[in-house]
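**Student:** Show me the folded form of this:
(2 chains)
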Amino acid sequence: ETGVTQSPTHLIKTRGQQVTLRCSSQSGHNTVSWYQQALGQGPQFIFQYYREEENGRGNFPPRFSGLQFPNYSSELNVNALELDDSALYLCASSLYAGSGNTIYFGEGSWLTVV
Amino acid sequence: AQSVTQLGSHVSVSEGALVLLRCNYSSSVPPYLFWYVQYPNQGLQLLLKYTSAATLVKGINGFEAEFKKSETSFHLTKPSAHMSDAAEYFCAVTPSAGGTSYGKLTFGQGTILTVHP
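**Tutor:** Okay, here's the model as predicted:
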């Protein structure tokens, strides 16, 4: 039990649609990151939010966007879904103040694009 | 820039045998290193982390890893494998203190561990 919860756990969308995935961080954690894990691959960093501001982005197009709310929960939005967006999306939270803090992952949201 | 290479996408051992999962990293700044385990259809669970204290790090479930700067390695070991260790293991790196890069993990491709009775 990591204290990081994600919803929904599974969903199916049609190509071209939009999707919103949600993450509730561990209590007190002010930093949240999102990762995409395609089948058979390691997770790939999408972006990170710290105190409601984007704090770095991986090699993902602008149709991947996010939000972090005052309570540090977060959303990942993906527009114009493509078949290759099918993956497990993982949310990770940590306390930014002080490097070396443990980074906790949620169970993920499985997205299938058909 | 950072990268992680996990040698061997699949490792198979007998129950009770030594587990050795290899991880080599490349980083332009001093790194912090992590090992995570992923069971089927689940998220990532932290096994252990190196954050520039002791180079030999002990984690959960009897696993440990040694940071070797000269070899740019962070191999994961367990003296005696158990059936419940069967899972996929990921090595990850992030920049250490300084700047705002902490927490942006770069993962290896993963190693699937199979344990035979």
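**Student:** Show me which residues of chain A sit near chain B.
**Tutor:** A:2, A:4, A:31, A:33, A:35, A:41-45, A:48, A:50, A:55-56, A:58, A:90, A:92, A:94, A:96, A:99-100, A:102-108 (C-beta under 8 Å from any C-beta of the partner chain). Just so you know, the C-beta spots here come from the backbone N, C-alpha and C atoms, and that holds for glycine as well.
**Student:** are any of these buried, and which?
**Tutor:** The neighbour count (16 or more other C-beta atoms under 10 Å in any protein chain shown) marks A:2, A:4, A:31, A:33, A:35, A:42-45, A:48, A:50, A:55-56, A:58, A:90, A:92, A:94, A:96, A:99-100, A:103-108 as buried among those.
**Student:** Low-confidence stretches in the chain?
**Tutor:** You didn't pick a chain, so chain A it is. For chain A, the stretches with pLDDT under 70 are A:96-100.
**Student:** Please refer instead to chain B.
**Tutor:** Where chain B drops to pLDDT under 70, the residues are B:97-101.
**Student:** Any idea what the residue most central in space within it is bridged to?
**Tutor:** In chain B, the residue lying closest to the centroid (C-alpha atoms, centre = their mean) is B:Trp35, at 3.1 Å. Applying DSSP bridges to B:Trp35 yields these beta-bridge partners: B:Leu48, B:Cys91.
**Student:** same thing with A:His10?
**Tutor:** Note on A:His10: beta-bridge partners A:Trp110, judged by DSSP bridges.
**Student:** That one - how many residues pack around it?
**Tutor:** For A:His10, the neighbour count with other C-beta atoms under 10 Å in any protein chain shown is 11.
**Student:** residues touching it, list them.
**Tutor:** By C-beta atoms under 8 Å, 6 or more residues apart in numbering or on different chains, the contact list for A:His10 reads A:Ser109, A:Trp110, A:Thr112.
**Student:** Check A:Asp84 too.
**Tutor:** A:Ala38, A:Val113 are the contacts of A:Asp84 under C-beta under 8 Å, 6+ apart.
**Student:** pretty sure it belongs to a strand, no?
**Tutor:** No - under DSSP: H, G, I helix; E, B strand; the rest coil, A:Asp84 sits outside any strand and is assigned helix.
**Student:** Give me the residue at the spatial middle of chain A.
**Tutor:** When chain A is reduced to its mean C-alpha position, the nearest residue by C-alpha atoms, centre = their mean turns out to be A:Trp34, at 3.0 Å.
**Student:** Show me what the nearest residue to A:Asn59 once chain neighbours are set aside is bridged to.
**Tutor:** In this structure, A:Asn59 finds its nearest non-sequential neighbour in A:Gln44, 7.8 Å apart by C-beta to C-beta, 6 or more residues apart in numbering or on different chains. Beta bridges link A:Gln44 to A:Gln36, judged by DSSP bridges.
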